[in-house]
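[1] build the 3D model from these lines:
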Amino acid sequence: MENIEITNARQNNLRNISIKIPKRRIVVFTGVSGSGKSSLVFETIGAEAQRQINETQNSFIRNRLQHYGLPDVDKIENLNVPIIINQKRLGGNARSTVGTAADVSASLRLLFSRMGEPFVGYSNVFSFNNPQGMCPECEGLGFVQTLDVSALFDRNKSLNEGAIKFPTFQPGGWRLTRYTLSGYFDNDKKLRNFTDKEWEMLLNAPEHKPRHPHKDWGKTVQYEGVIPRIEKAFLKKDSKENMTRKEVLNHIVITKTCPACLGKRLNKKILSCKIKGKNIADCTALSVDELLEFITSLDSKMYEVIISEVSAKLQNIITIGLQYLTLDRNTNSLSGGESQRIKMVRSLGNSLVDLLYIFDEPSIGLHPKDLQNIISIIRQIRDKGNSVLIVEHDPDLIKMADRIIDMGPGSGRNGGQVIYEGTFENIKKSKGKTGSYFAEKPGIKTKFKKAEGYLEIKNASLYNLKNISINIPVGIMTVVTGVAGSGKSTLINRILPDLYPDVTIVDQSLFAASARSNLLTYLAISDMIRKLFAQSNHVSDKLFSRNSEGACPNCRGLGVERIDLAFMDDIEQPCEVCGGSGFNSDVLQYLYNGKTIVEVMEMTVSEAVHFFKDESVLRNFDLLIRLGLDYLTLGQRLDSFSGGERQRLKLTRELKNTNQIIVLDEPSTGLHPSDTKKLLIFFNHLVAQNNTLIVIEHNLDIIAQADWIIDMGPGAGKYGGKVVFEGTPKDLLHSKTSYTAEFLKKHIQ
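    Numbers count the residues shown, from 1 in each chain. Predicted coordinates:
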């Protein structure tokens, strides 16, 4: 029972892997992207452990849990109860905050109900989700939404011409009939010619029965102005329709801070209760480290237990490097790395043992200094008697493993094997890409391109920046470093574009694309591939589109079925009819070069290069290979890409440009060190085309190859916001005040 034993795992690209994974140890899985790490750790071990736990629940609960299929493996023995800590963003709605997610809010509310004066009620009234606690004006949201009348109406048109610019209020739309049949308006009169009375009736009239409606008016139908009607149907908190009309709503809705509570979400009575002059909203608006300072300054023998509980929970958030967050921050604004660390905090507080913890690249978004805290947390989790499996690329995390399992040798169909299994000491002798990376001594850049001028920033003091003035060189690669929360993003992503509006920011944000967009549509070559199939089979190219005649009738071409769990996140499952391909089974009779459209969609970029002969198709793949994205499949949905993948994909569009200022935010995210090398070659190419490259980065291999370094810090939040160092990587090694210097020295020794 000392090992998790896997026999013949074949999930995705795994090649019949049989392996024993030691328990109560830290086991790190390495290998290039697409080598099979996630297939083994998440989709085989994690999925099976979770599936078996779900099976123990009663049918009511089981139907509401995510459904895990059986992984493709002969057997897995000795599994433990899993805690899977992935990078899926915490999401949640406007009522979900860092305080609730990190499990601090309840303790803080308890403290205010006991120590706060005057007494206003028990702990639950301090919640902005409680009707007794929430601000009545914004119902506890902190903001109110109003409709932008000028964006909603075209006053140069009549009702019959489509003056109301909102779906279902347009000509032919069922909601419009409530206005055209009401008997109140001349439906061909331009809105600009309406009298004040008519305009008020159209916009704001409360619900009532019209006096002289058209003969087709329904007997029980009530008339209501456009604004209250849209607000009820789309803006109220429990409206289902607001999700479906999100895009249109963005254009016509103005969101502003609630005038009654000024964004504090609670009513006056609750806000009147204070501890040492601060109400609960003041406390949640402080950064975590400032709040801890305040809580530890409280002196009360009677409530000592609650004070120490709140302090311990805040200390855990600081330990994982998120001291700069505030408890009132919405969880849907957190990055994947921040979300993962918040999930870690929850696990620190529990006293469960003999669990199986599975982490997905916990190093993401972390400076090497912050990473030391994560390493100590992972060791604490192991030392409590738990087993820890980590999928990771970061050298420092790989070094701390009790056992390393290296997958490869390549990605996709060239991966799926175990290349090395053992301790860190011997990995250098192994034949995989991870081994050869550790066998090489990291170098530092010594030949530098000269700057062609400077971008000047003077007296910047947004957020935690302390009146910074700095010159960023033009025409070379500058790397901006510093611990998480030190002010890097504020300086580069907020201040710089304000001063230089033509800056191109290539970030990790989601694409402005629908759930139907995939890699081929992004590269704008899906039409070409459909035509190749159509010409080979002498049929319509619409047959090879998931958005047209080729769509699976059950999932309408999406490949997934969504299950709405009301108060929890929706879950997605592969469509039962098409198996997740999105295509109608009739389409599978048509082949191009011996392959169906579904098989082509499942090809990786590296396989597609050998399959297609058409130059106009191949051109697009070359760039992806240079960026280390050759393992992506052609039909992969854009909304399933990781932040790092999204950013590198956006970069493909920048290569054609010259004389630009390009900002990249942690482009090495999710990259194996061997692919980081490819990225550096790509960067040099961009600089050679006279572009200015500004890279926000924690990766020491990229920092070592910069032409110029700006190091922010020294700490995070109020302890940061200064320029600690500016100069070449070589000069950085001599800095006594920079944390980056300390870790760069270790890295190249």
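
[2] got the contact list for the residue in the chain sticking out farthest from the centre?
    Computed with CA atoms, centre = their mean, the residue of the chain farthest from its C-alpha average is His212, at 53.8 Å. Residues near His212 by CB atoms under 8 Å, 6 or more residues apart in numbering: Gly183. All C-beta spots, glycine's among them, are computed from the backbone N, C-alpha and C.

[3] and what about it, helix, strand or coil?
    coil (DSSP: H, G, I helix; E, B strand; the rest coil).

[4] please shift the residue numbers so they start at 168 in all later answers.
    Yep, numbering from 168; the last one is His379 now.

[5] for it, give its distance to Phe310.
    Distance from His379 to Phe310, counting by CB to CB, to the nearest Å: 41 Å.

[6] for the residue farthest from the centre of the chain, report the pLDDT, please.
    Note on His379: pLDDT of 92.

[7] do the same with Gln254
    pLDDT for Gln254: 75.

[8] try the one 4 residues further on
    The per-residue pLDDT reported for Gly258 equals 68.

[9] can you pull out the strands in the stretch 168-317 of the chain?
    Along the stretch 168-317 of the chain, counting by DSSP state E, counting those that start in this stretch, strands occupy 170-176, 184-189, 193-197, 240-244, 249-252, 310-314.

[10] okay, these, which one's buried deepest?
    strand 193-197 (a mean of 25; mean count of other CB atoms under 10 Å).

[11] where along the stretch 718-867 of the chain do the strands fall?
    With DSSP E, counting those that start in this stretch as the criterion, the stretch 718-867 of the chain has strands spanning 727-730, 738-741, 828-832, 859-863.

[12] just put those in CSV and tack on mean pLDDT and mean neighbour count.
    Shown next, in CSV, are these (pLDDT from 0 to 100; neighbours: other CB atoms under 10 Å):
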stretch, mean pLDDT, mean neighbour count
strand 727-730, 75, 14
strand 738-741, 72, 16
strand 828-832, 94, 22
strand 859-863, 96, 23
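
[13] by mean pLDDT, flag the weakest helix or strand of the protein.
    Least confident helix or strand, the chain: helix 408-411 with a mean of 50, by mean pLDDT, DSSP states H and E.

[14] for the following helix or strand past it, packing partners?
    Remark: after helix 408-411, the chain's next helix or strand is helix 413-419, criterion DSSP states H and E. With contacts taken as 3 or more CB pairs under 8 Å, 6 or more residues apart in numbering; DSSP states H and E, helix 413-419 sits against helix 316-319.

[15] quick one: residues in contact with the helix it packs on.
    Ile331, Lys332, Phe333, Leu370, Val393, Ile394, Ile397, His418, Ile419.

[16] could you pull up phi and psi at the first one?
    Spelled out, that is Ile331. Per-residue torsions, Ile331: phi -90, psi 110 (degrees, to the nearest 10).

[17] Ile692 contacts Ser783, correct?
    Yes: under the criterion of CB atoms under 8 Å, Ile692 makes contact with Ser783 at 7.5 Å.

[18] and these two? which has more neighbours close in?
    Taking neighbours as other CB atoms under 10 Å, Ile692 and Ser783 compare with Ile692 leading, 20 against 9.

[19] pull the contacting residues for Pro664.
    By CB under 8 Å, 6+ apart, Pro664 lies in contact with Val670, Ile672, Val830.

[20] wait, a strand at it?
    No: counting by three-state DSSP, Pro664 is not part of a strand but helix.

[21] number of residues surrounding Ala400?
    Ala400 has 15 neighbouring residues, counting by other CB under 10 Å.

[22] related to what we said a few turns ago, tell me the two of the contacts of helix 316-319 that are most distant?
    Leu370 and His418 (17.7 Å; CB to CB).

[23] more neighbours: which of the two?
    Using other CB under 10 Å, the more surrounded residue of Leu370 and His418 is Leu370, with 16 against 11.

[24] which elements pack onto whichever strand or helix holds Leu564?
    If you go by DSSP H and E, Leu564 is part of helix 562-566. Contacts defined by 3+ CB pairs under 8 Å, 6+ apart place helix 562-566 against strand 193-197, helix 535-550, helix 600-606.

[25] so which of these is nearest Lys468?
    Across these, the minimum distance to Lys468, taken as CB to CB, is reached by helix 535-550, at 30.1 Å.

[26] mind listing what's buried in that closest one?
    The neighbour-count check on helix 535-550 (16 or more other CB atoms under 10 Å) flags Pro535, Lys536, Asp537, Leu538, Gln539, Ile541, Ile542, Ile544, Ile545, Ile548, Arg549 as buried.

[27] returning to what we had before: mean pLDDT lowest where, among the strands of the stretch 168-317 of the chain?
    Looking across these, the weakest by mean pLDDT turns out to be strand 310-314, at a mean of 87.

[28] list the contacts of the helix holding Leu564.
    Under CB under 8 Å, 6+ apart, the answer for helix 562-566 is 195, 197, 529-530, 535, 538-539, 541-542, 557, 559, 571, 591, 594, 601, 604-605, 840, 867, 914.

[29] that one: which residues count as buried?
    Pro562, Asp563, Leu564, Ile565.

[30] redo those residues as TSV? Include pLDDT.
    Listed next are these as TSV, based on pLDDT from 0 to 100:
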residue	pLDDT
Pro562	94
Asp563	93
Leu564	95
Ile565	97
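
[31] so, low pLDDT: which residues of the protein?
    For the chain, the stretches with pLDDT under 70 are 258, 403-414, 679-681, 730-739, 822.

[32] can I get the strands of the stretch 168-317 of the chain in TSV including distance to Ser500?
    Below are the strands of the stretch 168-317 of the chain laid out as TSV (distance: least, CB to CB, whole Å):
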stretch	distance to Ser500
strand 170-176	37
strand 184-189	36
strand 193-197	30
strand 240-244	38
strand 249-252	20
strand 310-314	14
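
[33] and Arg229, what is it in contact with?
    Residues near Arg229 by CB under 8 Å, 6+ apart: Asn221, Glu222.

[34] what do you get if the cut-off is 6 Å, keeping everything else the same?
    Arg229 makes contacts with Asn221, as judged by CB atoms under 6 Å, 6 or more residues apart in numbering.

[35] got it, and Gln299?
    Counting by CB under 6 Å, 6+ apart, the residues that Gln299 touches are Val292.

[36] check the gap between it and Ile442 for me.
    20 Å.

[37] please report the distance of the closest residue to Ile186 other than its chain neighbours from Asn581.
    Take Ile186 and drop its neighbours on the chain: the residue closest to it by CB to CB, 6 or more residues apart in numbering is Ile173, 5.2 Å away. Ile173 is 21 Å from Asn581, where distance means CB to CB.

[38] ok, now Phe310?
    In this view, Phe310 and Asn581 are 51 Å apart by CB to CB.

[39] can you check Ile473 too?
    57 Å.

[40] what's the answer for Ile421, then?
    53 Å.

[41] and these two? which has more neighbours close in?
    Taking neighbours as other CB under 10 Å, Ile421 and Asn581 compare with Asn581 leading, 18 against 11.

[42] perfect, that will be all.
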